[in-house]
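In: Sequence plus the predicted model coming up.
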Amino acid sequence: MALCRARRKGLRVSTDWLQRFPPLTPIALRGAWWKGLRVGSGWLRWFPPLTPIALCGSWWKGLRHPEVVKERDLIEKTKKSDANQRRRAQEKQLHPGDLVLMKHQKRNKFTTNFGDTPMKVISKVGNLVTVKEPHGNIVKRRLSNNTPSKIKVTFCSDLEKSVLTNNFEKRGWQQVTPEEDWNFYWAGIQTCRTLFSLDSGYRMGDHQTINHFPNHYELTRKDLLVKNIKRYRKELEREGNPLGQKQNGKYVYLDFIPVTFVLPADYNMFVEEYRKNPQSTWIMKPVGKSQGAGIFLINKLSKLKRWSRESKAPFNPSIVKETYVISRYIDNPLLIGGKKFDMRLYVLVTTFRPLKAYLFKLGFCRFCTVKYDTSIQELDNIFVHLTNVSVQRHGGDYNSLHGGKLSVDNLRLYLESTRGKPVTDKLFETISWLIIHSLKSVSYIMANDKHCFECYGYDIIIDNNLKPWLIEVNASPSLTSTTVNDRILKNKLVDNILSVVLPSSGIPDAKWSKTPSTEALGNFELLIDDENVNSDSKSKNKNIKSRQKSLRKK
Amino acid sequence: MAEVKDMSIHLTAERLTTELKDMDIYKGFYENLQRLVATSKVKETDFKETLIDAMKQTGLETELRNTVYHWLRSHKNPSNVKEPLVYLRKAQAQWEKRINKSLNSMAAEIKVNLSQLRTPEEKQEMMDKWNELSVYDIDLSQYRPVYAPKDFLEVLLWIRSPNYKPIDGLLSWEFIHLPMKVKTLRELKKFYKELSRGEAMMGMDINGENPHYQHTYNERALLGERVLACRHAPVTQEYLKKGAPRSLRARLWAQVLGAETGPQEEKYFQGLKALVMQYNLMTDKLIIKDVQLTASNDHQYFVFEDVLYQVMLCFSRDTAVLDVFQHSCATPIHGILKGKTPVLENTVIYPPNGITPYHGFTMYATPFCYLYDDPIQLYFVFRAFYMRYWFRLHEVSSHPQGVLSMCLLFERLLHKHEPELWVHFKKHSVQPIRLAFKWIMRTFSGHLPPEQVLYLWDLILGYDSMEVVPLLAVNILSIRRENLLSVTSLQNFESVLADLSSIHVIPLLQMCLVNYESDANLSLSCAPTGRQPKSKDGNSPKS
């Protein structure tokens, strides 16, 4: 309990500490933390005789040990003094191409290594190392016992996926457990929730990065996404922004999600909408589930009524609480080879305010294995309607060599050849457009933690008029590779994510401006950067404007 | 001399006029012409002039011109000499005998008839599933492809010229001994002069990085629209030399091949479909098996599986394909009707189009799926392509566009311009042709990404020659030289060359053709250094 409180103040309790001071009174601790002390295990090694009470007293008096600059410096230092032998051994293993930090000789011996820029080792003869400085100068430095130290970035991951660990290890990172000190955490949504929750009191340091935003569900939960987009449109309309323009009850520019209601809350609104168009089919999705679980189609109101009656049955009260969204089913999807598909695009967001988002160019289309058929008999055949790989995999016709996946490049080739370039260009522009606006709709609600980035999996369906519809956004798109090409693609995805979210030194840094160089982008292309409105994005704005014009003409 | 030339033109014209009258389009054309003559545009007093003017205005003239152009292209070689070299003729005959035998033995083994009528139920089932033949469930486990490119290569490698005596007694390592003339790189450079000039072309931008590419694209697209509007096939062919923009390619190809479709073609296709429904051939299963083995498992083409079944099945029933045997050295396989005496009236060609599908045959049709939504249009373009080029890729002949010439060209280029690789292959006794043969036989379809295949085929159409295929093959080997030199076995060579997804056809070909002799650099894909002395003969063109 007390410990918990101490944590809330920013204490990080390492296992070492607890082992050494089992009788530690939380009250004493509290005093110390109050003053802003943070203790890493190293601190204790330096001051072994220091009792917590003494600690408390000295901080109370405002006495600050000159060496206590930052917790991390201390850790770094102890690591050095502690494992001097080990480090020396490491130095000897320095190889050309390694990144090292050269400590400035003149600075006092307690300054940190961390602020310096890393340099590339070119060659090493004896203890004379030739390094390339960031400006390109090549200098020789003598290796003394404490000058260069190889930075070990530490990572931990909730997912044991080879695409992740391969990429981390490729960068020479070291795996640690979540309890230890990590720089980079590829976390599951659950872990993230616990980590960011108030109870945990965990505070991330400058050199830590995690792959989710605390309240990503504003974008990724089906009902909240709809709510946020509806609100965003209303706001724009109220402001009199041209984007919020309406025509025949429909938004001219922001009509990119199918009509959707949350059930049971919006039931009456749904019925009203349903009556306008009783022929259409609707799709029901449980809010909290993924991978196509619990999804079904309805075409009659009576079916919905029956469903709600059944789910309220006394012997199964748990279902009642579950919220569903009901959306108009896109019953005229674009078919290729007679089959329905949806697009999976990866969008990386490094910050929401200012909004910086990148689109991964190597998305893919997921095809159903069975011919598309809208007849009522086929309404319950999920293999016709749901494109999720996790669903299709169980169909008899699933082919494990290609997994029903076609690259977006090939889709583009097909569309340009059969439908022409202008409509294809417009389709892909509209897709970028809908991604940008879906992100903008949540940018002010999102907790813009500077330690976070997130890669979203956008699911988009194209109808046969080549209009894209946003179906949903996933917070943790699958990194499981079903085919060889899939593995290559996901490997590239993770690699490019890492190079975009990390500064060129390769060490997570929350203070970094998050403006990667064009080389670092890899297969990502910039979708939007609210901060650096340079010529590039200006031209994009121009495109958007011309698009608006062309739309208006229509 | 001029007289002789005049004479030959006259003869050709005579043949043309007689053959024109037998063509499908003749009736419609003649009717239109008569209707035109009846209008007031054509005057009796100045009949010839006004008629020609009127024809130009109504587009009948372009139609006539296109017809003559297509006729000339398909009659390039004299049809009376099928294959001048006796030993090649023999090899082809033996090869056909082998295919025939293996077809018959498979039929005997599985105990099915080569051909039989479908029962009404079967017919109905086929009808119902026509648009979704991937669910047409038949047991194919006993069927296996009649032959694969590898088998055909073995046949080619065993060809011996009776006039050639090897000094060391070693043979069958290469085709060098075949007495056929193939182009040198210098001749190729001259032939592909638009490529060699290094001008801006379609397919040049690699990752959309080149800012000028957009400009080139727009320019080409604009020009392409005009080319399409003039509806004249030779102009289209000229245009294709510099590549087609994605959005126009479908129409350009149909135009240059004379494969535009109308109600007549639709009817024809429906007729073929009816024939498929009517009887069941053993080759049908081979075709279905082949689609399953190739397109259905390919991550680039699996989407189009159902269309491919339709196209390939109809193709096997199309007797118009038999025309290729007039100028190919192959002869179709003949079967004798069951229970009839073996006389001429009772023999039929089997399968009806005379072409036995082999493993990978479907790949000739797959890239078209990216161009045409409509199976009918796809079918006619594919058929035209096949009848113009592909049929030469699986027959033994000395034709300069035949597969033997392609192999020989590949070897000569590699020998001359990549001697290091050549020696490396020889040292480890791997025939280089083994690495490239499947590329050549399928003209890279299924090996390169679809878009690159389309760019390559643009060039084939534009220059009306397949020589660009071996040239590209050599270039690919050349660009992977370092990796090839570091491994030693056939398996490893193959794995170095297995993934071609990073190859960009146009830049690679341009680099080789532009650089050759412009800086005396014999190595194919070396970047121009510019400082080396000029080649000795000094007359390097357009350096």
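Out: Nice, I can see it. Residues are numbered from 1 along each chain as shown, chains lettered A, B, ... in the order given.
In: which regions of chain B sit below the pLDDT cut-off?
Out: B:1-2, B:5, B:75-81, B:165-173, B:176, B:206-210, B:342, B:518-543 (pLDDT under 70).
In: how is chain B carved up into domains?
Out: B:2-73, B:86-136+B:262-360+B:376-387, B:185-203+B:216-259+B:388-515 (automatic domain parsing).
In: looking at those, which is buried most?
Out: domain B:185-203+B:216-259+B:388-515 (a mean of 20; mean count of other C-beta atoms under 10 Å in any protein chain shown). To be clear about C-beta, it is placed using only N, CA and C from the backbone, and glycine gets the same treatment.
In: Could you check that domain against chain A for contacts?
Out: Yes: for a cut-off given as C-beta under 8 Å from any C-beta of the partner chain, domain B:185-203+B:216-259+B:388-515 has contacts with chain A, namely B:221, B:245, B:246, B:247, B:249, B:250, B:449, B:450, B:451, B:454.
In: what's the residue in chain A positioned nearest to chain B sitting at in phi/psi?
Out: Per C-beta to the nearest C-beta, residue A:402 is where chain A lies closest to chain B, at 3.6 Å. The phi and psi values for residue A:402, taken as degrees, to the nearest 10, are phi -120, psi -10.
In: how about the residues of the stretch 301-450 of chain A near chain B?
Out: Residues of the stretch 301-450 of chain A lying close to chain B by C-beta under 8 Å from any C-beta are A:336-339, A:367, A:371, A:397, A:399, A:401-407, A:409-410, A:413-414, A:416-418, A:420-421, A:424.
In: now those: which count as buried?
Out: Buried members of these, scored by 16 or more other C-beta atoms under 10 Å in any protein chain shown, are A:336-339, A:367, A:371, A:399, A:402-407, A:409-410, A:413-414, A:416-418, A:421, A:424.
In: Save the domains of chain B as CSV, and put in distance to residue A:271 too.
Out: Listed next are the domains of chain B as CSV, based on distance: least, C-beta to C-beta, whole Å:
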stretch, distance to residue A:271
domain B:2-73, 59
domain B:86-136+B:262-360+B:376-387, 37
domain B:185-203+B:216-259+B:388-515, 45
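In: Out of the ones you listed, flag the one nearest residue A:511.
Out: domain B:185-203+B:216-259+B:388-515 (37.9 Å; C-beta to C-beta).
In: related to what we said a few turns ago, per-residue pLDDT of the residue of chain A closest to chain B, please?
Out: We have a pLDDT of 83 for residue A:402.
In: wait, it sits on residue B:302?
Out: Yes: Residue A:402 is within contact range of residue B:302, at 5.0 Å (criterion: C-beta atoms under 8 Å).
In: which residues are in contact with both of these two?
Out: Taking C-beta atoms under 8 Å, 6 or more residues apart in numbering or on different chains as the criterion, residue A:402 and residue B:302 do not both touch any residue.
In: For residue A:289, report the pLDDT, please.
Out: We note a pLDDT of 75 for residue A:289 in this prediction.
In: name the element it belongs to?
Out: Residue A:289 is part of no helix or strand when elements are defined by DSSP states H and E.
In: got the contact list for the longest helix along chain A?
Out: Ranked by residue count under DSSP state H, the longest helix found in chain A is helix A:421-442. Outside helix A:421-442, the residues that touch it by C-beta under 8 Å, 6+ apart are A:218-219, A:225, A:228-229, A:231-233, A:253-254, A:256, A:343, A:345, A:347, A:349, A:352, A:355, A:357, A:359, A:412, A:415-416, A:458, A:460, A:462, A:466-468, A:470, A:473, A:527-528, A:543-544, A:547, B:221, B:245-247.
In: Kindly export that helix (C-alpha atoms) in CSV.
Out: Output of helix A:421-442 as CSV, limited to C-alpha atoms (Å, rounded to 0.1, in the frame of the first residue of the first chain):
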residue,chain,number,x,y,z
LYS,A,421,-5.6,6.3,-64.1
PRO,A,422,-7.7,9.2,-63.0
VAL,A,423,-10.2,7.1,-61.0
THR,A,424,-7.5,5.0,-59.5
ASP,A,425,-5.5,8.1,-58.4
LYS,A,426,-8.7,9.5,-57.0
LEU,A,427,-9.4,6.3,-55.1
PHE,A,428,-6.0,6.3,-53.4
GLU,A,429,-6.2,10.0,-52.7
THR,A,430,-9.5,9.5,-51.0
ILE,A,431,-8.0,6.7,-48.9
SER,A,432,-5.3,9.0,-47.7
TRP,A,433,-7.9,11.6,-47.1
LEU,A,434,-10.1,9.4,-44.9
ILE,A,435,-7.1,8.2,-42.9
ILE,A,436,-6.0,11.8,-42.2
HIS,A,437,-9.5,12.8,-41.1
SER,A,438,-10.1,9.7,-39.0
LEU,A,439,-6.9,10.6,-37.2
LYS,A,440,-7.8,14.3,-36.9
SER,A,441,-11.1,13.4,-35.4
VAL,A,442,-9.4,11.9,-32.4
